[in-house]
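> A structural model of the following input is requested.
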Amino acid sequence: MTRKTSSAAARLRWLGQRLSKVFSSLVEGFWWPPVALLVVAIYWFSVASGIPLPSEPTVEKYGVYGDSFGRLTSLFTALGFGGLVITLLLQQRQIRTQAEAAKLHRQKEEKGRYEEILFRLLDIYRQTLSEVRVGEATGRDVLRKALEKVDAGIVEDGVNGLPRDLQGKWDSDALTDDDLQRIDYLHFRNFKIVATEINPQARLVDTFEVLLEHMVSGAPDHLLIKAYKDLVFAQITFLECRYFFLVALSHPSRGRLRDLLARTGFFDRISRSQIHRLHRDMYKEYWGLAIEQRETPASIPMPPGRIKRAMRSHKAAGGVPKTTYTPLGVRQSQKAVEKMENDGGK
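So this is what the prediction gives:
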């Protein structure tokens, strides 16, 4: 296709779009029927004025005079048909407007019902979490203690990660059959320890499943749920993230939980929490889903090399570089405790 042909096609498309817009504005505005009637009236008056009156008051002459208005009769017949078309267009526009209004009203109602149920389930989840109790611990303390027991158990058993020799072979993809059997033993011990120590709270896990199910399956088709997902996950702490992950990892009966965690994008959030690499590998191997480890953003927006150079420069100038900072409130509390101990000693 030459440049000239392409330019002509572009002009034709532009002209078609302009005509379409003009026609659409005419149909939607409907300001033109009164103007059209006015033009017809003027035309009828001009035509009628140009027809001479009969010279003799006879039936034949008046008949000829009446036949002279035949063109006007055809015109008014066409106008009547045009009026019918206009009426149909008006009715079509009214029906379309009513349908759009009904659709918007229905979407608003569906959104309201979805939000009402979602927030109610979120409140129920919070209430359920607060009612969790094991011994003296309640709420999130129960989850924290369970996670601490898991960490302590796998460390005590020496199965909290791959040995250095196995890790090197794993990274270089040079594992032997014996190496794979050693890794299977690590997996076996982790499954036993996690399943025992995590102590799943069935009521809490079930409530969390219902919340996730409604969040993804209860949303209307026209609604974008990303904002609702961000809102719900913002209420879930890293303790809960890791707890639900370990429940999904270690309990085969929690297939629904694993499915919901994948469908809701929960793993995009759980990857920010502290998950053992061995557990991520186990989840990928046994449940078929890889959990990517995201890098934690630096706490200070300065490159490490720049910080080291600043430390050396400060030390060379006679200062004492400090790498940590104790909050003022903590220091004041420590001083108060020291003062009380000194006063008690006296």
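
> Any idea how many residues pack against Ile198?
23 (other CB atoms under 10 Å). Placement of C-beta: from N, CA and C, glycine included.

> can you pull the contacts of it?
146-147, 150, 243, 246-247, 250 (CB atoms under 8 Å, 6 or more residues apart in numbering).

> Phi first, then psi, for it.
Main-chain torsions, Ile198, degrees, to the nearest 10: phi -70, psi -30.

> Repeat that for the one 3 residues further on.
Summarising the backbone geometry of Gln201 under the convention degrees, to the nearest 10, its torsions are phi -90, psi 100.

> Against His214, how distant is it?
In this view, Gln201 and His214 are 20 Å apart by CB to CB, to the nearest Å.

> Between those two, point out the one with more neighbours.
Neighbour count, other CB under 10 Å: between Gln201 and His214, Gln201 has more, with 21 against 18.

> out of everything not next to it in sequence, what's closest to the more buried one?
Val132 (5.2 Å; CB to CB, 6 or more residues apart in numbering).

> Now do that neighbour, the pLDDT please.
We have a pLDDT of 92 for Val132.

> mind listing what it touches?
Contacts of Val132 (CB under 8 Å, 6+ apart): 138-139, 142-143, 201, 203-204.

> Residue ranges of each domain in this structure, please.
3-110, 112-287 (automatic domain parsing).

> Quick check: which of these is nearest to Glu338?
domain 112-287 (29.5 Å; CB to CB).

> So for that closest one, first residue to last residue, what's the gap.
Terminal residues of domain 112-287 are spaced 36 Å apart (CA to CA, to the nearest Å).

> Stretch 310-322 too?
11 Å.

> Just the buried residues of it, please?
When burial is assessed from 16 or more other CB atoms under 10 Å, stretch 310-322 yields no buried residues.

> Need the contact partners of that stretch.
Thr323.

> Who wins on neighbours among the contacts of Ile198?
Tyr243 (27 neighbours).

> and it, what helix or strand is that in?
helix 238-250 (DSSP states H and E).

> Out of the domains of the chain, which one sits most buried?
domain 112-287 (a mean of 16; mean count of other CB atoms under 10 Å).

> How are the strands of the stretch 101-250 of the chain distributed by residue range?
Using DSSP state E, counting those that start in this stretch, the strands of the stretch 101-250 of the chain run over residues 133-134, 137-138.

> Next, format the ones you listed as TSV and append distance to Gln17.
Listed next are those as TSV, based on distance: least, CB to CB, whole Å:
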stretch	distance to Gln17
strand 133-134	68
strand 137-138	67
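
> Go through those strands and name the closest to Leu166.
Of all the strands of the stretch 101-250 of the chain, strand 133-134 comes closest under CB to CB, at 35.3 Å.

> list the helices and strands that closest one packs on?
Contact here means 3 or more CB pairs under 8 Å, 6 or more residues apart in numbering; DSSP states H and E; on that basis strand 133-134 packs against helix 140-156.

> pLDDT score for Gly161?
At Gly161, pLDDT is 87.

> That one touches Leu278, doesn't it?
Yes. Contact criterion CB atoms under 8 Å: Gly161 and Leu278 qualify, at 5.3 Å.

> Return the member of the contacts of Val132 nearest to Lys229.
Leu204 (19.8 Å).

> contacting residues around the closest one?
Counted by CB under 8 Å, 6+ apart, Leu204 has contacts 125, 128-129, 132.
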